[in-house]
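In: Dropping a prediction and its sequence here:
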Amino acid sequence: MRLSRPMITLALLALTACGSPDGEASVPPTATGSLEHLAAEADCAPDLQTDADEIRQAICETGDGKFVLATFATDRGQREWIDSAKDYGGHYLVGRKWVAVGDMDVVTALRGTLGGTMEEGRTHHH
């Protein structure tokens with residue numbers, strides 16, 4: 001079986017998330033639920049931008065800064081959205097059928113509340 005680049009990346013993310021000595025113990029279990037539930041957990045009032053069957057997306061703001069919070073109907077839809085969005089760079093906090101996108105400081109702070117795994121967008125430095 002040939003491993004594709006995304007499969008290798010996911011495997012590396014899974015391995016590094018298990019037993020990393022730099023504070024991983026303080027990351028709570030990954031939150032689940034509706035966009036409104038996740039926003040409440042993050043202590044923000046979501047400003048809904050997209051409300052469709054396959055994706056719901058809102059802008060949120062906490063004391064740490066602004067971020068985009070999106071929930072998805074399917075795991076596949078979520079992964080396709082993340083893979084496309086990563087072309088634009090950014091920092092992603094990923095949970096089951098949800099993602100938060102924002103500055104590194106913001107998503108790092110959110111991880112302390114919502115759990116999840118961190119992913120990085122692609123950079124376009126020449």
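Out: Ah, there it is.
In: so Asp105 touches Thr62, yeah?
Out: No: in this structure Asp105 lies outside contact range of Thr62 using Cβ atoms under 8 Å: 10.9 Å. To be clear about C-beta, it is placed using only N, CA and C from the backbone, and glycine gets the same treatment.
In: Neighbour count for those two, which is higher?
Out: Between Asp105 and Thr62, counted using other Cβ atoms under 10 Å, the more crowded position is Thr62 (17 against 11).
In: close enough to count as contact, that one and Asp43?
Out: Yes: the pair formed by Thr62 and Asp43 meets the contact definition of Cβ under 8 Å, at 5.8 Å.
In: List the backbone torsions phi and psi for Gln49.
Out: Backbone torsions for Gln49, taken as degrees, to the nearest 10, come to phi -110, psi -40.
In: how many neighbours does it have?
Out: Number of residues near Gln49 (other Cβ under 10 Å) recorded here: 12.
In: Okay, buried residues for stretch 87-107 please.
Out: 90-95, 97-102, 106-107 (16 or more other Cβ atoms under 10 Å).
In: Quick one: residues contacting Glu120.
Out: Contacts for Glu120 were tallied using Cβ atoms under 8 Å, 6 or more residues apart in numbering; they are 86, 90-92.
In: Dump those into CSV; add distance to Leu35 as well.
Out: Converted to CSV, the contacts of Glu120 look like this (distance: Cβ to Cβ, whole Å):
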residue, distance to Leu35
Lys86, 21
Gly90, 19
His91, 19
Tyr92, 16
